Each structure stands twice: as structure tokens, then as C-alpha cells.
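Participant: predicted structure and sequence below. I'll ask about it afterward.
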Amino acid sequence: MKILVVDDSRSQTMLLGGILRGAGYEDIVEAHDAVSALNVLEGGVGENGDSDVDLILMDIVMPEMDGIEATKRLKADERFRDVPVIMVTVRDEVASLERALEAGANDYISKPVNRLELCARVRSVLRLKEEIDRRKARERELEALTERLSQLSNQDGLTAVSNRRRFEEVFDKEWLRARRDGLPLALLMIDIDFFKHYNDTYGHLKGDCCLKAVAEAICMVLKRPGDFVARYGGEEFVVILPGTDEAGAMSIAEEIRINVYSLGIEHASSSVADRITVSVGAASVMPRPDVAAKSLLLASDGALYQAKTNGRNRVEKREVV
């Protein structure tokens, strides 16, 4: 356990440090004013945002900034809020002790320091610190688990892209954002051509591998942080392109079509090509209060139907009405 001893008297820090080392606490750091103590704490913040100091022995009476003011600053900082503080003072006036406790101090001890009393209070406070650390560790584990469960609930289990539920949430948010910012919003609907025939010919395990490869090929085209892809259902994928007009949507759609074609996945049952291909429907609109978000989805879906009707392995567009 790391203990920080703060006192403007070097003889006092040596005395306290000697008592603590004699009690088995080897990691003792000394500071001779409050500013130096704050610098020690700042330098010991780990990657998780916690301080590496487990306990502070703080003198009340110090020049420039006294121990009470220093404790107030520590307790106001989330990184140091849980570091316990024991005040050390020659004063035993009720007012000073009340101010120290109100500032956030956990305990106090009077000078001249009694060795047994000091060690007993340090042990007691460090047990409290250990319990706080265990609680924080449990909370972090719970937060990580909750985040992981949230990710899984929004993710397609096979392809690892987002699922339809997550798409609907993101689409609604992007529609409102585009309407607020006065920017276009584009949507691509993508369907793997003759995928049922592929499954019938090569089996479902190969079909799963094909879906994963197509999802990855789509993701490789989407380079902007706001671009979003989800598995819409079965062999269908959907792409949200914020800030993208019709020309941009068509360009990205064609790049996706070519990227999937370039995978070279054999498809002997396709009447379009000897490999896996996709049909893509594209639509873009400038969201307005008098235009429903669903109209963009219907337009892209209609464009996809048109691409399949016109021979597949192609990109078609449709106006939003």
C-alpha cells in the first residue's frame, strides 16, 4: 500500500515515515507542502484514472495552502475522491477538526503522534480503502459486462456487423441529424444474387462463410466514421451514408458491387455470373419535416427490386417520393 505523508516539517515526515516502515508499510512518499502533494498525486494516476496512492497523512497547518484546503481540492477531483485522508495536527480545537471532516477527511490524529494509535488508525483506514477498491473493480467488471451484452444485442451473430434492430435505431438518429443539419442522407439496400441456390448447391456452412465475406467486402468500402452497415435479414444488407447525395451513393454502391465480385466466390448455380454477385438499390434525400424517414427506405428497397428485375449484379437508383 502506498502512503503519502504531507507535512512542512521534514523531521515530522521522517518520524511518521519511520513509524510506518516499522509497521511494515514500505512504500512511503513524502511531500513538504500541499502543492507538492498534489503534484505527486497527479503523477501517479493510472490508465484507469485511479490514483496509485492508497492513503494520505495530511498536516493541517502548512504555508500557502493548508491541509484542509488541499483535502477539499482532492475530494473535488474524481480521480482522488476515494483516497482516504487522515489529518495530523497539533490543534485539537473542535472547529478545526470539524472543518477537516467536512472537507472530506476520514480520520485525524494529534501531535505528538502515538505510534500504536497511528498504526491502528492507518490499518483501519486502509481496510476501508481496500473495500472501496474492490467495489470499484466490481463496478468496472459490471460496466464491461453490460457494454458487452449491449454490443451483442446490437450485433449480427454470424457476420459481426450490426443487426436490423441496431439499424433502425441508427437510421432514426441519422435522419433527425441530417434534417437538423440540412445535409443529405443516402441508403443502400444490398442483396446477394441467387443466394438460396448457393445454399442449395454448396450447403449452409459455405453459405455462412459467403455471408461473412460479403459483409467484410461491404465494410472495406465504407471508410468514414459515420458510415454504417447492418445485416437487414437473410442475405440482405443495408448501408447508411450520412452527408451523401445521389451521385455519391451510386459511386459507393458500385464500389461495393465490384468489391463483392472481386471476391471470386464460386457460384455455379447463378444465372448471372460464375461467382457471387450483389444487386444494390440506392436512394438519397434531403430530410425535411414533410418527408417521412420511411420514404427513403422504400425508395432504396424499390431500387433494389429494380436492380434484380433488370438482370442483377447491378446498381439502380430511385427517387424518394
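Facilitator: Cool, got the structure. Numbers count the residues shown, from 1 in each chain.
Participant: which parts of the stretch 1-150 of the chain are helices?
Facilitator: For the stretch 1-150 of the chain, the helices defined by DSSP state H, counting those that start in this stretch cover 10-22, 34-43, 67-76, 94-103, 115-153.
Participant: typo on my end, the stretch 201-321 of the chain
Facilitator: Under DSSP H, counting those that start in this stretch, the stretch 201-321 of the chain gives helices at 204-221, 246-261, 293-309.
Participant: and those: which comes nearest Val239?
Facilitator: helix 204-221 (6.7 Å; C-beta to C-beta). Just so you know, the C-beta spots here come from the backbone N, C-alpha and C atoms, and that holds for glycine as well.
Participant: about what we covered before: so which of the helices of the stretch 201-321 of the chain gets nearest Val278?
Facilitator: Among the helices of the stretch 201-321 of the chain, helix 246-261 sits nearest to Val278 (C-beta to C-beta), with 4.8 Å.
Participant: give me the below-cutoff pLDDT ranges for this protein.
Facilitator: Residue ranges of the chain with pLDDT under 70: 91-94.
Participant: residue nearest the centroid of it?
Facilitator: Glu147 (8.3 Å; C-alpha atoms, centre = their mean).
Participant: identify the residues contacting Val85.
Facilitator: By C-beta atoms under 8 Å, 6 or more residues apart in numbering, Val85 lies in contact with Leu55, Ile56, Met58, Thr71, Leu74, Gly104, Ala105, Asn106.
Participant: hmm, back to that, packed most tightly, which of the helices of the stretch 1-150 of the chain would that be?
Facilitator: Greatest average neighbour count among the helices of the stretch 1-150 of the chain goes to helix 67-76 (a mean of 20), per mean count of other C-beta atoms under 10 Å.
Participant: re the thing from before, so which of the helices of the stretch 1-150 of the chain comes closest to Pro242?
Facilitator: Nearest to Pro242, of all the helices of the stretch 1-150 of the chain, is helix 115-153, at 21.4 Å by C-beta to C-beta.
Participant: off-centre distance for that closest one?
Facilitator: 21 Å (C-alpha atoms, centre = their mean, to the nearest Å).
Participant: circling back: and the contacts of Val85, which of them are in strands?
Facilitator: Using DSSP state E, the subset of these located in strands is Leu55, Ile56, Met58.
Participant: just send the contacts of Val85 back as TSV, with distance to Leu222 too.
Facilitator: Shown next, in TSV, are the contacts of Val85 (distance: C-beta to C-beta, whole Å):
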residue	distance to Leu222
Leu55	51
Ile56	50
Met58	54
Thr71	51
Leu74	46
Gly104	49
Ala105	54
Asn106	52
